[in-house]
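Participant: Provided below for reference: sequence and predicted model.
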Amino acid sequence: MKAKGAWFLDAVLATALCMLCALIVAQANEGSMQREAIRAASVQARDIHAAFARYHEKHRSFPDALELSASGADVLELMRRRGFYTGDVEKLIVGKRVDAYDVPPDVAGAAEYWLEMTLAADSSVRFLVARSDDAPLSRGKWADGAFLYRDGKLEAL
């Protein structure tokens, strides 16, 4: 027969084991939710790039950053009002708005734009949607498409 203290120790160990299992499940679930948020935002980033291509095809330019707020954060709403973008990436990004948007001046005749967004589920994950070599995340290299920026690396989507 076990001593009274041994039963208590068994109960504490069983509780600790249950808490450890719950923590493992919670972390796995969080990782799954982050992957899903990245996947959903990636789809939206590609849609945004396609919307800007359609806009450029029709207008031979990109939405003027001067028409928008100082950071260009409302560019997606402008694209939505004009019928080029129907997505809802705002629910997936920090502050429900793009971090920055710019239309650099044409130097060599290349119409350019770039916008950056930060994922709300993991602020270390950022997205670049661009047709430019002036985007801060591309570090002076030509970027045309939608990109994921994580751990200091820019990956095409």
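Facilitator: Nice, thanks for sending it over.

Participant: distance of Gly145 from Asp64?
Facilitator: 22 Å (C-beta to C-beta, to the nearest Å). Heads up, the C-betas are built off the backbone N, CA and C, glycines and all.

Participant: nearest residue to the residue nearest to the spatial centre of the chain other than its sequence neighbours?
Facilitator: Among the residues of the chain, the one closest to the centroid is Leu119, at 3.8 Å (C-alpha atoms, centre = their mean). Once flanking residues are discounted, Leu119 sits nearest to Val125: 4.2 Å by C-beta to C-beta, 6 or more residues apart in numbering.

Participant: quick one on the thing from earlier: my guess is the residue nearest to the centre of the chain meets Ala40, correct?
Facilitator: No: the criterion here is C-beta atoms under 8 Å, and Leu119 misses it with Ala40 at 9.6 Å.

Participant: overlap of the contact sets of these two?
Facilitator: Leu92 (C-beta atoms under 8 Å, 6 or more residues apart in numbering).

Participant: for this protein, give me the ranges with low pLDDT.
Facilitator: Within the chain, the stretches with pLDDT under 70 are 1-6, 8, 21, 25-31, 65-73, 106-110.

Participant: that's a strand at His56, yeah?
Facilitator: No: checked against DSSP: H, G, I helix; E, B strand; the rest coil, His56 lies outside a strand; its state is helix.

Participant: quick check, Gly140 in a helix?
Facilitator: No: Gly140: not assigned to a helix; according to three-state DSSP it is coil.

Participant: how many residues are close by the residue nearest to it when sequence neighbours are not counted?
Facilitator: Spatially, and ignoring its direct neighbours in sequence, Gly140 is nearest to Asp133 (6.0 Å; C-beta to C-beta, 6+ apart). Look at Asp133: counted by other C-beta atoms under 10 Å, it has 18 neighbours.

Participant: pretty sure Asp133 sits against Trp114.
Facilitator: No: the pair Asp133 / Trp114 is not scored as a contact, 9.1 Å apart, by C-beta under 8 Å.

Participant: cheers, nothing more for now.
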